[in-house]
Every structure is written in structure tokens, then in C-alpha cells.
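*Asks:* Next come a sequence and a model predicted from it.
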Amino acid sequence: MILAWIHDVVEAVQSCVTGMRTTGRFLVENLKGEGGGAAVTRQYPEQPAEVVGDRQRGHLVNDTKRCIVCHACDTACPVDCFKMDGERDADNKMRASRFDIDLSKCIYCGLCVRACPTDSLSMTATFEMAPQHDGKRFLFRRNSKQVDVRLDLHDVERLERLVAMPRSGLSDADRAWLDERIDERGQHLIGMYGLGYYTPEMKAEADAQREAKKKAKDAAAAAAKAKAAAAAAAAGPTPARPAAPAPPSAPASPAPTPPPPAPKAAPDTTGGTP
Ligand code: SF4
Ligand code: SF4
């Protein structure tokens, strides 16, 4: 009993010393300014992270060119982060016309990434949530009035152009446009990712292209059919096919064997009754 108690005390002291040794090492590194990637505490955002683990689950990114709108990610997500709509493009293939990920709900479990059959969903090593363009997508804050604001392709392109500009270069119209979409108060750090790939005009264009393609295909089929019919008519009437020889008649079946005659009654040799 006493020995077990002493053993527990020794283990506690050992783990305390190990922890303090690690803390002390990082403290000395930070005091010397040599922290680098090994430092645990950094003065963010002045000192952004320099080393991020390979398995970091950062922002969700959907490479929508590969997305087939199968809803597998939507089904796998335990907290209902996804809102998506699909459209058929000019080649009659499904593509996302809307693909929104509500990161305010996301628990970064990665289940959606594992469920995606086309590997179009992935998680980046990027983790900052400030309104910015991280190379593939936009993260921005929305307050309750802004939740319904949709971003179509033109909006995304405009946002991309604006975030690449210095603040001083923004026009009043640009600032007003951004204010409608970005919550500067930072109270609702939602990072909802709105991406519409079809504006109504683009959708009409895609529909028209698909319809034209279908008409061209039908017209080509009709022309081929007419050509075949004309060629058949030019070749003249089709000669009658010779009658097929009659099949040989089946041999007559032999007459049925007559039944054997009934035996005659034996003559009465008893003389009979007088
Ligand atoms: S990481 Fe998890 S919670 Fe986040 S969107 Fe994917 S499935 Fe949903
Ligand atoms: S699982 Fe992948 S392919 Fe299917 S809808 Fe989600 S992102 Fe698109």
C-alpha cells in the first residue's frame, strides 16, 4: 500500500518535470526569438504559423469541375453543412450550380472528404478565417441579413479582383458592394462558402447550347435515314425472293397392326344335354 503510494508520487513528479522541461525549452526559444516552427505560442497574426502539420484539416475545398452533385458528402455530414443544386451542362453532364458549405456548423471531421467518390472535396492546410482569398475559395463573414446573399460566378470574380487590390484602391462602389457581403464587425465569423456557377444568363446559354446540340444530332440522324431511303429507291425494286423449297413430306406411317383374331370357341365334346 505504502509502496504503491510512493510509486504514484514518483510518477507524478517525473511527468511534472518532463512537462516543465518542454515548457522551459520553448520559453527560452521564444525569449531568444528562435522559436520558429518549434514554438508553441506565437503572436498571431503578427507571427503567422510557419509550420502546419501535414494532416491539418483546414478549409474545405470543392473542385467543382469534378463534382457530380451526388450528395454523398451531404449524406455523410453529421451537421448538415452542405447546400447544393445541380444543373446539366451543355454536354448533358451534372455540375454544381450551387455548392455552399456552412463552416459555422462544420466540425472538421473529414467524413465528407472520405465519402466523396470523385475526390473533388479536400481539406487544405489553410486555417485562417479572415475574409480572404486563399487561392481556391473565398471566406467571408456574414451576419443574419447577409445569409441569403448568393454569390454567382460574376460575384466571385469581382471578389477575387477586389481582394487582390490594395484597400486604398477600392472605389466607393466596391466598398459598398463588399460591405453588403462582409461583416466587418466579425460577430458572425461564418465563412459560408457561396459559389454559384451559373448566372441566369449562363444557364440560358447552356440550355440553348444543349438544345442546339440535340437538334443537330436529330437532324443528322434524320438526314442519314433519308439518304439510306433514297439509295434504296435508286437501286430499283427489290427482286422477289425465290420461294423456298417445300420441305420433304414425312414418310407415311405404317398401318396399324390389326388386333389378333379372337380365338374360336372350342367344339362341345361333351355331347350336350339332350
Ligand atoms: S468536415 Fe464533417 S462537419 Fe465539416 S462539412 Fe465535412 S462532414 Fe460536415
Ligand atoms: S460527394 Fe463529392 S462529387 Fe458528390 S456532391 Fe459531394 S463534392 Fe460533389
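*Replies:* Nice, I can see it. Ligands and ions are numbered 1, 2, ... in the order given.
*Asks:* Strands of the stretch 1-150 of the chain, start to end?
*Replies:* With strands called from DSSP state E, counting those that start in this stretch, the stretch 1-150 of the chain shows them at 60-62, 82-88, 94-101, 121-123, 132-133, 138-139.
*Asks:* helices or strands next to the third one in the packing?
*Replies:* Here strand 94-101 is seen to pack against strand 60-62, strand 82-88 when contacts are counted using 3 or more C-beta pairs under 8 Å, 6 or more residues apart in numbering; DSSP states H and E. Yep, even glycine has a C-beta here, placed from its N, CA and C like the rest.
*Asks:* so which of those strands comes closest to Asp119?
*Replies:* Within those, the stretch nearest Asp119 is strand 60-62; the backing value is 10.6 Å (C-beta to C-beta).
*Asks:* and the closest one, what other elements does it pack with?
*Replies:* Using 3+ C-beta pairs under 8 Å, 6+ apart, strand 60-62 sits against strand 94-101, strand 121-123.
*Asks:* Determine which of the strands of the stretch 1-150 of the chain approaches Met165 most closely.
*Replies:* Nearest of these (C-beta to C-beta): strand 132-133, 11.3 Å.
*Asks:* still on that earlier bit, with mean pLDDT, mean neighbour count and distance to ligand 2 as added columns, please give the strands of the stretch 1-150 of the chain in TSV.
*Replies:* Compiled in TSV, these are given as follows (pLDDT from 0 to 100; neighbours: other C-beta atoms under 10 Å; distance: least, C-beta to the nearest ligand atom, whole Å):
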stretch	mean pLDDT	mean neighbour count	distance to ligand 2
strand 60-62	78	21	5
strand 82-88	82	16	6
strand 94-101	79	20	7
strand 121-123	85	19	4
strand 132-133	44	14	20
strand 138-139	46	20	18
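*Asks:* Mind checking those strands for the one nearest to Arg167?
*Replies:* strand 132-133 (12.7 Å).
*Asks:* So which bits of stretch 98-113 are buried?
*Replies:* 98-103, 106, 112-113 (16 or more other C-beta atoms under 10 Å).
*Asks:* Say whether ligand 1 is contacted by it.
*Replies:* Yes: using C-beta under 6 Å from any ligand atom, stretch 98-113 comes into contact with ligand 1 via 101, 106-112.
*Asks:* ok, which stretches of the stretch 101-250 of the chain are helices?
*Replies:* Using DSSP state H, counting those that start in this stretch, the helices of the stretch 101-250 of the chain run over 111-115, 153-163, 172-181, 200-234.
*Asks:* these two touch, right, Cys77 and Leu111?
*Replies:* Yes: using C-beta atoms under 8 Å, Cys77 is in contact with Leu111, at 6.6 Å.
*Asks:* gap between Val17 and ligand 2?
*Replies:* 49 Å (C-beta to the nearest ligand atom, to the nearest Å).
*Asks:* export stretch 60-79 as PDB, just CAs?
*Replies:* Taking C-alpha atoms only, stretch 60-79 is exported to PDB below (Å, rounded to 0.1, in the frame of the first residue of the first chain):
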ATOM      1  CA  LEU A  60     -12.900  22.500 -47.200                       C
ATOM      2  CA  VAL A  61     -12.500  23.000 -50.900                       C
ATOM      3  CA  ASN A  62     -14.600  21.600 -53.600                       C
ATOM      4  CA  ASP A  63     -13.000  21.300 -57.000                       C
ATOM      5  CA  THR A  64     -16.400  21.700 -58.700                       C
ATOM      6  CA  LYS A  65     -15.200  20.600 -62.100                       C
ATOM      7  CA  ARG A  66     -15.000  17.100 -60.700                       C
ATOM      8  CA  CYS A  67     -18.200  17.300 -58.600                       C
ATOM      9  CA  ILE A  68     -21.100  15.300 -59.900                       C
ATOM     10  CA  VAL A  69     -23.600  16.500 -57.300                       C
ATOM     11  CA  CYS A  70     -24.100  13.000 -55.900                       C
ATOM     12  CA  HIS A  71     -24.900  14.300 -52.400                       C
ATOM     13  CA  ALA A  72     -22.700  11.700 -50.800                       C
ATOM     14  CA  CYS A  73     -20.900  14.400 -48.800                       C
ATOM     15  CA  ASP A  74     -24.300  15.800 -47.800                       C
ATOM     16  CA  THR A  75     -25.400  12.400 -46.600                       C
ATOM     17  CA  ALA A  76     -22.200  11.800 -44.700                       C
ATOM     18  CA  CYS A  77     -22.100  15.200 -43.000                       C
ATOM     19  CA  PRO A  78     -23.400  14.900 -39.400                       C
ATOM     20  CA  VAL A  79     -24.200  18.500 -39.000                       C
END
